[in-house]
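Q: mind folding the following:
(chains A and B)
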Amino acid sequence: MELDITNLEIEMNRGFLQILVLVALENKLYGYKMIQFFQQHGYTVEESTLYPILRRFEKNGWVKSEWDISAERPKKFYIISVQGRSVREKALSIWNEQHDTLKKIMKVSYHVSKS
Amino acid sequence: MYQNLEDYLREIGHHLAVRDGADDILSEIKSHILEKAEVEFGRVTEETVGKIISTYGRPQQVAAKYIEGVEIISPIFKRYLFLYTGILFLCHSTMALFAYLTNISMLSFPFLYIPKMDGWQIIFYLPTAFVYDIGLVIIFLYFVTQSKKEIRIPWPKFFSLPASRKKLKTPKVAFLVFLILVFGSFLYFFIRHGTIFFASMNDAAHPIPMFGPSASFYYSALFLAMLVCEVVGYAARFISQSRWIELIKTAIILLLLQFVWNSPVGADFTKIPGLNIEQAMTAFLLVFTVLIAFRFLKNIISVIKK
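A: This is a model prediction of the structure:
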(Lines give C-alpha, C1' and ligand atoms only; values in the text may rest on other atoms or scores of the structure.)
Protein backbone atom coordinates (compact mmCIF):
# COMPACT_ATOMS: atom_id res chain seq x y z
CA MET A 1 0.00 0.00 0.00
CA GLU A 2 1.33 3.41 -0.97
CA LEU A 3 1.90 5.74 1.94
CA ASP A 4 -0.40 8.77 1.77
CA ILE A 5 1.36 11.77 3.26
CA THR A 6 -0.54 14.46 1.35
CA ASN A 7 -1.76 16.25 4.48
CA LEU A 8 1.66 16.13 6.09
CA GLU A 9 3.21 17.50 2.92
CA ILE A 10 0.68 20.33 2.77
CA GLU A 11 1.37 21.23 6.41
CA MET A 12 5.15 21.18 5.88
CA ASN A 13 4.95 23.15 2.65
CA ARG A 14 2.83 25.87 4.21
CA GLY A 15 5.66 27.18 6.37
CA PHE A 16 8.34 26.47 3.81
CA LEU A 17 6.55 28.35 1.05
CA GLN A 18 6.23 31.43 3.23
CA ILE A 19 9.99 31.56 3.81
CA LEU A 20 10.57 30.90 0.12
CA VAL A 21 8.33 33.81 -0.89
CA LEU A 22 10.10 36.19 1.47
CA VAL A 23 13.45 35.10 0.05
CA ALA A 24 12.35 35.29 -3.60
CA LEU A 25 10.83 38.74 -3.21
CA GLU A 26 14.22 40.31 -2.68
CA ASN A 27 13.63 41.00 -6.37
CA LYS A 28 10.48 42.48 -7.83
CA LEU A 29 8.24 39.67 -9.11
CA TYR A 30 4.63 39.04 -10.00
CA GLY A 31 2.73 35.87 -9.14
CA TYR A 32 3.08 33.88 -12.33
CA LYS A 33 6.77 34.77 -12.68
CA MET A 34 7.35 33.64 -9.09
CA ILE A 35 5.72 30.28 -9.78
CA GLN A 36 7.93 29.82 -12.83
CA PHE A 37 10.98 30.88 -10.82
CA PHE A 38 10.21 28.27 -8.16
CA GLN A 39 9.59 25.64 -10.81
CA GLN A 40 12.96 26.31 -12.42
CA HIS A 41 14.52 25.46 -9.07
CA GLY A 42 12.51 22.28 -8.57
CA TYR A 43 9.70 23.53 -6.37
CA THR A 44 6.10 23.36 -7.55
CA VAL A 45 3.51 25.59 -6.00
CA GLU A 46 -0.20 25.91 -6.71
CA GLU A 47 -1.21 29.40 -7.78
CA SER A 48 -4.34 29.28 -5.64
CA THR A 49 -2.03 28.79 -2.65
CA LEU A 50 0.54 31.42 -3.53
CA TYR A 51 -1.76 34.41 -4.12
CA PRO A 52 -3.52 34.27 -0.73
CA ILE A 53 -0.09 34.16 0.95
CA LEU A 54 1.04 37.22 -1.00
CA ARG A 55 -2.12 39.03 0.00
CA ARG A 56 -1.65 38.12 3.68
CA PHE A 57 1.97 39.30 3.59
CA GLU A 58 0.88 42.55 1.99
CA LYS A 59 -1.72 43.03 4.70
CA ASN A 60 0.94 42.42 7.36
CA GLY A 61 3.20 44.98 5.69
CA TRP A 62 5.86 42.38 4.88
CA VAL A 63 5.65 42.99 1.13
CA LYS A 64 4.69 45.96 -1.00
CA SER A 65 2.81 45.71 -4.26
CA GLU A 66 2.01 47.80 -7.32
CA TRP A 67 0.09 47.22 -10.52
CA ASP A 68 2.04 47.63 -13.73
CA ILE A 69 -0.44 48.71 -16.36
CA SER A 70 2.10 49.70 -19.01
CA ALA A 71 1.97 46.31 -20.72
CA GLU A 72 -0.99 44.90 -22.66
CA ARG A 73 -1.98 42.77 -19.66
CA PRO A 74 -1.78 44.42 -16.18
CA LYS A 75 0.43 42.63 -13.64
CA LYS A 76 0.68 42.98 -9.89
CA PHE A 77 4.32 43.14 -8.78
CA TYR A 78 5.51 42.41 -5.26
CA ILE A 79 8.71 43.25 -3.40
CA ILE A 80 9.79 42.66 0.19
CA SER A 81 9.52 45.59 2.63
CA VAL A 82 11.91 46.58 5.44
CA GLN A 83 9.61 44.90 7.96
CA GLY A 84 9.46 41.85 5.71
CA ARG A 85 13.25 41.59 5.75
CA SER A 86 13.38 41.36 9.53
CA VAL A 87 10.57 38.80 9.48
CA ARG A 88 12.55 36.82 6.90
CA GLU A 89 15.70 36.90 9.03
CA LYS A 90 13.78 35.59 12.03
CA ALA A 91 12.04 32.92 9.97
CA LEU A 92 15.34 31.77 8.47
CA SER A 93 16.99 31.55 11.86
CA ILE A 94 14.05 29.45 13.15
CA TRP A 95 14.29 27.24 10.09
CA ASN A 96 18.06 26.80 10.57
CA GLU A 97 17.63 26.00 14.25
CA GLN A 98 14.96 23.42 13.43
CA HIS A 99 17.20 21.91 10.79
CA ASP A 100 20.13 21.66 13.24
CA THR A 101 17.93 20.20 15.96
CA LEU A 102 16.57 17.63 13.55
CA LYS A 103 20.06 16.60 12.49
CA LYS A 104 21.23 16.27 16.10
CA ILE A 105 18.21 14.21 17.12
CA MET A 106 18.47 12.01 14.04
CA LYS A 107 22.11 11.37 14.81
CA VAL A 108 21.38 10.32 18.38
CA SER A 109 18.22 8.35 17.57
CA TYR A 110 19.73 6.38 14.70
CA HIS A 111 22.84 5.70 16.75
CA VAL A 112 20.70 4.36 19.65
CA SER A 113 18.53 2.22 17.37
CA LYS A 114 21.58 0.62 15.70
CA SER A 115 23.36 -0.19 18.98
CA MET B 1 -13.41 38.91 -22.59
CA TYR B 2 -13.95 35.20 -22.18
CA GLN B 3 -17.32 34.09 -20.87
CA ASN B 4 -15.94 31.08 -18.95
CA LEU B 5 -13.39 33.32 -17.23
CA GLU B 6 -16.09 35.88 -16.38
CA ASP B 7 -18.26 33.15 -14.88
CA TYR B 8 -15.34 31.68 -12.97
CA LEU B 9 -14.31 35.04 -11.47
CA ARG B 10 -17.91 35.89 -10.60
CA GLU B 11 -18.25 32.59 -8.77
CA ILE B 12 -15.02 33.20 -6.81
CA GLY B 13 -16.16 36.76 -6.03
CA HIS B 14 -19.43 35.39 -4.69
CA HIS B 15 -17.60 33.25 -2.11
CA LEU B 16 -14.89 35.79 -1.37
CA ALA B 17 -15.79 37.02 2.10
CA VAL B 18 -13.07 39.65 2.45
CA ARG B 19 -13.68 43.13 3.82
CA ASP B 20 -11.87 44.92 0.99
CA GLY B 21 -9.72 44.23 -2.03
CA ALA B 22 -11.99 41.65 -3.69
CA ASP B 23 -11.61 43.36 -7.08
CA ASP B 24 -7.84 43.37 -6.67
CA ILE B 25 -7.84 39.63 -5.97
CA LEU B 26 -10.03 38.88 -8.99
CA SER B 27 -7.92 41.07 -11.29
CA GLU B 28 -4.79 39.22 -10.19
CA ILE B 29 -6.38 35.81 -10.81
CA LYS B 30 -7.61 36.98 -14.21
CA SER B 31 -4.19 38.30 -15.19
CA HIS B 32 -2.59 35.03 -14.06
CA ILE B 33 -4.98 32.79 -15.99
CA LEU B 34 -4.63 34.79 -19.20
CA GLU B 35 -0.85 34.85 -19.04
CA LYS B 36 -0.63 31.16 -18.21
CA ALA B 37 -2.89 30.31 -21.14
CA GLU B 38 -0.70 32.32 -23.47
CA VAL B 39 2.57 30.85 -22.16
CA GLU B 40 1.39 27.26 -22.07
CA PHE B 41 -0.72 27.14 -25.25
CA GLY B 42 0.71 30.02 -27.29
CA ARG B 43 -2.75 31.63 -27.66
CA VAL B 44 -5.56 32.86 -25.49
CA THR B 45 -8.90 31.41 -26.48
CA GLU B 46 -12.05 30.32 -24.67
CA GLU B 47 -10.74 26.77 -24.85
CA THR B 48 -7.21 27.40 -23.51
CA VAL B 49 -8.58 29.66 -20.78
CA GLY B 50 -10.97 26.83 -19.84
CA LYS B 51 -8.05 24.43 -19.53
CA ILE B 52 -6.19 26.76 -17.16
CA ILE B 53 -9.35 27.36 -15.11
CA SER B 54 -9.78 23.63 -14.64
CA THR B 55 -6.35 23.40 -12.99
CA TYR B 56 -6.71 26.54 -10.86
CA GLY B 57 -9.21 25.01 -8.46
CA ARG B 58 -12.92 25.08 -7.70
CA PRO B 59 -14.15 28.66 -7.03
CA GLN B 60 -15.25 27.83 -3.49
CA GLN B 61 -11.83 26.35 -2.64
CA VAL B 62 -9.96 29.26 -4.22
CA ALA B 63 -12.04 31.79 -2.24
CA ALA B 64 -11.64 29.77 0.96
CA LYS B 65 -7.85 30.08 0.79
CA TYR B 66 -8.12 33.86 1.09
CA ILE B 67 -10.01 33.61 4.36
CA GLU B 68 -7.98 30.81 5.93
CA GLY B 69 -7.45 31.45 9.61
CA VAL B 70 -10.43 33.79 9.81
CA GLU B 71 -12.84 32.22 12.27
CA ILE B 72 -16.54 32.87 12.54
CA ILE B 73 -16.70 30.99 15.81
CA SER B 74 -13.55 29.64 17.42
CA PRO B 75 -13.41 25.80 17.42
CA ILE B 76 -12.58 25.90 21.13
CA PHE B 77 -16.22 26.88 21.73
CA LYS B 78 -17.63 23.70 20.20
CA ARG B 79 -18.44 22.13 23.56
CA TYR B 80 -19.78 25.46 24.85
CA LEU B 81 -22.16 25.64 21.92
CA PHE B 82 -23.79 22.35 22.89
CA LEU B 83 -23.72 22.93 26.63
CA TYR B 84 -25.09 26.49 26.49
CA THR B 85 -27.75 25.51 23.98
CA GLY B 86 -28.71 22.63 26.27
CA ILE B 87 -29.01 24.89 29.30
CA LEU B 88 -30.95 27.56 27.43
CA PHE B 89 -33.25 24.97 25.90
CA LEU B 90 -33.80 23.43 29.32
CA CYS B 91 -34.93 26.80 30.71
CA HIS B 92 -36.96 27.49 27.59
CA SER B 93 -38.67 24.08 27.71
CA THR B 94 -39.40 24.38 31.43
CA MET B 95 -41.05 27.74 30.84
CA ALA B 96 -42.94 26.37 27.82
CA LEU B 97 -44.17 23.42 29.87
CA PHE B 98 -45.17 25.80 32.61
CA ALA B 99 -46.98 28.04 30.13
CA TYR B 100 -48.79 24.97 28.82
CA LEU B 101 -49.74 23.70 32.27
CA THR B 102 -50.86 27.05 33.63
CA ASN B 103 -52.34 28.30 30.36
CA ILE B 104 -50.58 31.67 30.62
CA SER B 105 -48.07 33.44 28.35
CA MET B 106 -44.70 34.59 29.65
CA LEU B 107 -42.06 37.12 28.71
CA SER B 108 -38.56 36.74 30.05
CA PHE B 109 -37.06 40.06 28.95
CA PRO B 110 -35.37 40.50 26.53
CA PHE B 111 -34.99 37.11 24.90
CA LEU B 112 -37.82 34.71 25.56
CA TYR B 113 -41.50 35.09 24.86
CA ILE B 114 -43.58 32.03 25.51
CA PRO B 115 -47.20 32.21 24.41
CA LYS B 116 -49.94 30.24 26.09
CA MET B 117 -50.52 27.11 24.09
CA ASP B 118 -52.31 23.80 23.95
CA GLY B 119 -50.91 20.28 23.60
CA TRP B 120 -50.38 20.37 19.84
CA GLN B 121 -48.92 23.83 19.81
CA ILE B 122 -46.25 22.94 22.37
CA ILE B 123 -45.12 20.02 20.19
CA PHE B 124 -44.45 22.44 17.34
CA TYR B 125 -43.17 25.17 19.62
CA LEU B 126 -40.29 23.15 21.18
CA PRO B 127 -38.31 22.47 17.95
CA THR B 128 -38.68 26.14 17.03
CA ALA B 129 -37.48 27.07 20.51
CA PHE B 130 -34.43 24.82 20.05
CA VAL B 131 -33.47 26.49 16.77
CA TYR B 132 -33.93 29.89 18.40
CA ASP B 133 -31.77 28.88 21.39
CA ILE B 134 -28.92 27.50 19.29
CA GLY B 135 -29.04 30.70 17.21
CA LEU B 136 -28.81 32.85 20.31
CA VAL B 137 -25.79 30.90 21.58
CA ILE B 138 -24.14 31.11 18.14
CA ILE B 139 -24.55 34.90 18.12
CA PHE B 140 -23.05 35.10 21.61
CA LEU B 141 -20.06 32.90 20.68
CA TYR B 142 -19.61 34.83 17.44
CA PHE B 143 -19.18 38.11 19.31
CA VAL B 144 -16.84 36.48 21.84
CA THR B 145 -14.69 35.13 18.97
CA GLN B 146 -14.71 38.39 17.05
CA SER B 147 -13.67 40.41 20.12
CA LYS B 148 -10.26 38.62 19.81
CA LYS B 149 -9.92 38.86 23.58
CA GLU B 150 -9.21 35.98 25.91
CA ILE B 151 -12.61 35.79 27.51
CA ARG B 152 -13.18 32.95 29.95
CA ILE B 153 -16.71 31.71 29.58
CA PRO B 154 -18.05 29.85 32.61
CA TRP B 155 -18.37 26.08 32.32
CA PRO B 156 -21.23 25.00 34.57
CA LYS B 157 -20.75 21.47 35.82
CA PHE B 158 -24.20 21.21 37.30
CA PHE B 159 -25.65 19.49 34.25
CA SER B 160 -22.81 17.01 33.76
CA LEU B 161 -23.96 14.11 35.89
CA PRO B 162 -21.12 11.95 37.17
CA ALA B 163 -21.25 8.33 35.98
CA SER B 164 -22.33 7.15 39.43
CA ARG B 165 -25.45 9.35 39.28
CA LYS B 166 -26.59 8.27 35.84
CA LYS B 167 -28.42 5.42 37.51
CA LEU B 168 -30.87 5.87 40.32
CA LYS B 169 -29.78 5.12 43.86
CA THR B 170 -30.71 1.78 45.38
CA PRO B 171 -34.05 2.20 47.19
CA LYS B 172 -34.49 1.67 50.94
CA VAL B 173 -37.29 -0.43 52.35
CA ALA B 174 -37.75 1.97 55.27
CA PHE B 175 -38.39 4.88 52.93
CA LEU B 176 -40.87 2.86 50.89
CA VAL B 177 -42.72 1.97 54.09
CA PHE B 178 -42.70 5.67 55.04
CA LEU B 179 -44.15 6.61 51.64
CA ILE B 180 -46.85 3.96 51.96
CA LEU B 181 -47.71 5.25 55.44
CA VAL B 182 -47.98 8.80 54.16
CA PHE B 183 -50.18 7.65 51.30
CA GLY B 184 -52.27 5.53 53.74
CA SER B 185 -52.79 8.53 56.05
CA PHE B 186 -53.94 10.75 53.20
CA LEU B 187 -56.21 8.00 51.90
CA TYR B 188 -57.70 7.64 55.36
CA PHE B 189 -58.51 11.37 55.49
CA PHE B 190 -59.89 11.25 51.99
CA ILE B 191 -62.22 8.33 52.77
CA ARG B 192 -63.30 9.81 56.08
CA HIS B 193 -63.65 13.52 55.16
CA GLY B 194 -63.78 13.50 51.36
CA THR B 195 -60.60 15.66 51.16
CA ILE B 196 -56.94 15.76 52.11
CA PHE B 197 -56.78 19.58 52.19
CA PHE B 198 -57.81 21.27 55.40
CA ALA B 199 -57.89 24.95 56.34
CA SER B 200 -58.02 24.10 60.06
CA MET B 201 -57.75 20.91 62.13
CA ASN B 202 -58.32 22.48 65.54
CA ASP B 203 -61.34 20.27 65.98
CA ALA B 204 -59.97 16.84 64.99
CA ALA B 205 -63.44 15.34 64.69
CA HIS B 206 -64.70 18.11 62.39
CA PRO B 207 -61.76 19.69 60.51
CA ILE B 208 -62.51 22.60 58.18
CA PRO B 209 -61.86 21.65 54.51
CA MET B 210 -59.92 24.07 52.31
CA PHE B 211 -62.32 23.94 49.35
CA GLY B 212 -65.96 23.28 48.60
CA PRO B 213 -67.06 19.57 48.33
CA SER B 214 -66.61 19.04 44.58
CA ALA B 215 -63.23 20.85 44.46
CA SER B 216 -62.11 18.95 47.54
CA PHE B 217 -62.80 15.65 45.85
CA TYR B 218 -61.24 16.72 42.54
CA TYR B 219 -57.96 18.10 43.93
CA SER B 220 -57.57 15.41 46.57
CA ALA B 221 -58.03 12.64 44.01
CA LEU B 222 -55.39 14.21 41.78
CA PHE B 223 -52.85 14.62 44.60
CA LEU B 224 -53.51 11.07 45.76
CA ALA B 225 -52.85 9.89 42.22
CA MET B 226 -49.53 11.79 42.30
CA LEU B 227 -48.65 10.12 45.58
CA VAL B 228 -49.44 6.74 44.03
CA CYS B 229 -47.00 7.61 41.26
CA GLU B 230 -44.33 8.40 43.85
CA VAL B 231 -44.93 5.16 45.75
CA VAL B 232 -45.07 2.97 42.65
CA GLY B 233 -42.06 4.76 41.12
CA TYR B 234 -40.02 4.22 44.26
CA ALA B 235 -41.09 0.58 44.56
CA ALA B 236 -40.17 -0.02 40.90
CA ARG B 237 -36.59 0.91 41.74
CA PHE B 238 -36.27 -2.40 43.59
CA ILE B 239 -36.56 -4.07 40.20
CA SER B 240 -34.65 -1.58 38.03
CA GLN B 241 -32.65 1.59 38.71
CA SER B 242 -33.15 2.95 35.21
CA ARG B 243 -33.68 6.69 34.77
CA TRP B 244 -36.67 5.82 32.59
CA ILE B 245 -38.66 5.10 35.76
CA GLU B 246 -38.10 8.64 37.03
CA LEU B 247 -38.85 10.03 33.58
CA ILE B 248 -42.17 8.22 33.27
CA LYS B 249 -43.09 9.10 36.85
CA THR B 250 -42.44 12.81 36.43
CA ALA B 251 -44.24 12.79 33.06
CA ILE B 252 -47.38 11.33 34.66
CA ILE B 253 -47.20 13.81 37.56
CA LEU B 254 -46.87 16.66 35.07
CA LEU B 255 -49.92 15.40 33.27
CA LEU B 256 -51.86 15.31 36.52
CA LEU B 257 -50.65 18.83 37.33
CA GLN B 258 -52.02 19.95 34.04
CA PHE B 259 -55.46 18.88 35.28
CA VAL B 260 -54.88 20.81 38.51
CA TRP B 261 -53.96 24.04 36.71
CA ASN B 262 -56.75 23.68 34.17
CA SER B 263 -59.35 22.48 36.61
CA PRO B 264 -62.95 22.41 35.38
CA VAL B 265 -64.06 22.69 39.01
CA GLY B 266 -64.24 26.09 40.76
CA ALA B 267 -61.92 25.97 43.81
CA ASP B 268 -64.43 27.71 46.08
CA PHE B 269 -61.87 28.45 48.85
CA THR B 270 -62.95 28.52 52.47
CA LYS B 271 -62.66 32.03 53.88
CA ILE B 272 -60.48 32.41 56.94
CA PRO B 273 -59.75 35.91 58.32
CA GLY B 274 -56.10 36.94 57.99
CA LEU B 275 -55.19 34.11 55.63
CA ASN B 276 -55.36 34.14 51.85
CA ILE B 277 -55.60 30.44 51.11
CA GLU B 278 -55.88 30.95 47.35
CA GLN B 279 -52.58 32.86 47.14
CA ALA B 280 -50.77 30.39 49.39
CA MET B 281 -52.02 27.41 47.38
CA THR B 282 -51.15 29.05 44.05
CA ALA B 283 -47.61 29.79 45.26
CA PHE B 284 -47.20 26.22 46.51
CA LEU B 285 -48.50 24.79 43.25
CA LEU B 286 -46.21 27.07 41.27
CA VAL B 287 -43.07 25.93 43.08
CA PHE B 288 -44.18 22.30 42.94
CA THR B 289 -44.84 22.48 39.16
CA VAL B 290 -41.48 24.11 38.44
CA LEU B 291 -39.68 21.48 40.52
CA ILE B 292 -41.43 18.60 38.76
CA ALA B 293 -40.86 20.17 35.32
CA PHE B 294 -37.19 20.61 36.16
CA ARG B 295 -36.91 16.96 37.32
CA PHE B 296 -38.66 15.85 34.15
CA LEU B 297 -36.24 17.69 31.87
CA LYS B 298 -33.23 16.57 33.87
CA ASN B 299 -34.41 12.98 33.47
CA ILE B 300 -34.80 13.50 29.74
CA ILE B 301 -31.19 14.68 29.54
CA SER B 302 -29.99 11.70 31.60
CA VAL B 303 -31.87 9.24 29.41
CA ILE B 304 -30.55 10.84 26.21
CA LYS B 305 -26.99 10.86 27.59
CA LYS B 306 -27.17 7.15 28.35
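Q: and the residue nearest the centre of chain A, what element?
A: Taking C-alpha atoms, centre = their mean as the criterion, A:Leu17 is the residue nearest the geometric centre of chain A, at 2.2 Å. Under the criterion of DSSP states H and E, A:Leu17 resides in helix A:6-24.
Q: confidence score at the residue nearest to the centre of chain A?
A: Reading off the confidence values, A:Leu17 has pLDDT 94.
Q: just the one 4 residues further on next, same as before
A: The predicted local distance difference test score for A:Val21 is 97.
Q: and if you look at the one 5 residues further on?
A: Per-residue confidence for A:Glu26 comes out at a pLDDT of 95.
Q: surely it meets A:Tyr78?
A: No - between A:Glu26 and A:Tyr78 there is no contact under C-beta atoms under 8 Å: 11.0 Å. To be clear about C-beta, it is placed using only N, CA and C from the backbone, and glycine gets the same treatment.
Q: okay, those two: which has more neighbours?
A: Using other C-beta atoms under 10 Å in any protein chain shown as the criterion, A:Glu26 and A:Tyr78 rank with A:Tyr78 on top: 25 against 12.
Q: contact partners for that one?
A: A:25, A:28-31, A:34, A:54, A:57-58, A:63-65 (C-beta atoms under 8 Å, 6 or more residues apart in numbering or on different chains).
Q: one more time with 7 Å
A: A:Tyr78 makes contact with A:25, A:29-30, A:54, A:63, A:65 under the criterion C-beta atoms under 7 Å, 6 or more residues apart in numbering or on different chains.
Q: can you say which of the residues you listed are buried?
A: For the contacts of A:Tyr78, a burial check counting by 16 or more other C-beta atoms under 10 Å in any protein chain shown picks out A:25, A:29-30, A:54, A:63, A:65.
Q: and these, which is closest to B:Phe217?
A: A:Leu54 (84.0 Å; C-beta to C-beta).
Q: I'd assumed that closest one was in a helix, is it?
A: Yes - with DSSP: H, G, I helix; E, B strand; the rest coil as the criterion, A:Leu54 is located in a helix.
Q: which residue, other than its chain neighbours, is closest to it?
A: Leaving aside its chain neighbours, A:Leu54 sits nearest to A:Tyr78 (5.8 Å; criterion: C-beta to C-beta, 6 or more residues apart in numbering or on different chains).
Q: tell me where chain A has strands.
A: A:29-30, A:63-68, A:75-80 (DSSP state E).
Q: reformat those as JSON lines; add mean pLDDT.
A: Formatted as JSON lines, those follow (pLDDT from 0 to 100):
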{"stretch": "strand A:29-30", "mean pLDDT": "96"}
{"stretch": "strand A:63-68", "mean pLDDT": "95"}
{"stretch": "strand A:75-80", "mean pLDDT": "96"}
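Q: now render those strands as CSV, adding distance to B:Ile253.
A: Output for the strands of chain A, formatted as CSV (distance: least, C-beta to C-beta, whole Å):
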stretch, distance to B:Ile253
strand A:29-30, 75
strand A:63-68, 70
strand A:75-80, 72
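Q: near chain B, which residues of chain A show up?
A: A:31-32, A:47-49, A:51-52, A:55, A:73-76 (C-beta under 7 Å from any C-beta of the partner chain).
Q: just to revisit the earlier point, which strands and helices sit next to the helix holding A:Leu17?
A: helix A:31-40, helix A:47-60, helix A:82-114 (3 or more C-beta pairs under 7 Å, 6 or more residues apart in numbering or on different chains; DSSP states H and E).
Q: got the angle between the first one and helix A:47-60?
A: Orientation of helix A:31-40 against helix A:47-60 (axes from the mean of the first three to the mean of the last three C-alpha atoms, to 10 degrees) gives an angle of 120 degrees.
Q: what's the answer for the longest one, then?
A: With the same axes, to 10 degrees applied, the angle from helix A:82-114 to helix A:47-60 works out at 120 degrees.
Q: B:Tyr113 sits in which helix or strand?
A: In the assignment (DSSP H and E), B:Tyr113 maps to strand B:112-114.
Q: quick one: average pLDDT of that strand?
A: For strand B:112-114, mean pLDDT rounds to 82.
Q: sheet partners, orientation included, of it?
A: strand B:106-108 (antiparallel) (DSSP bridges).
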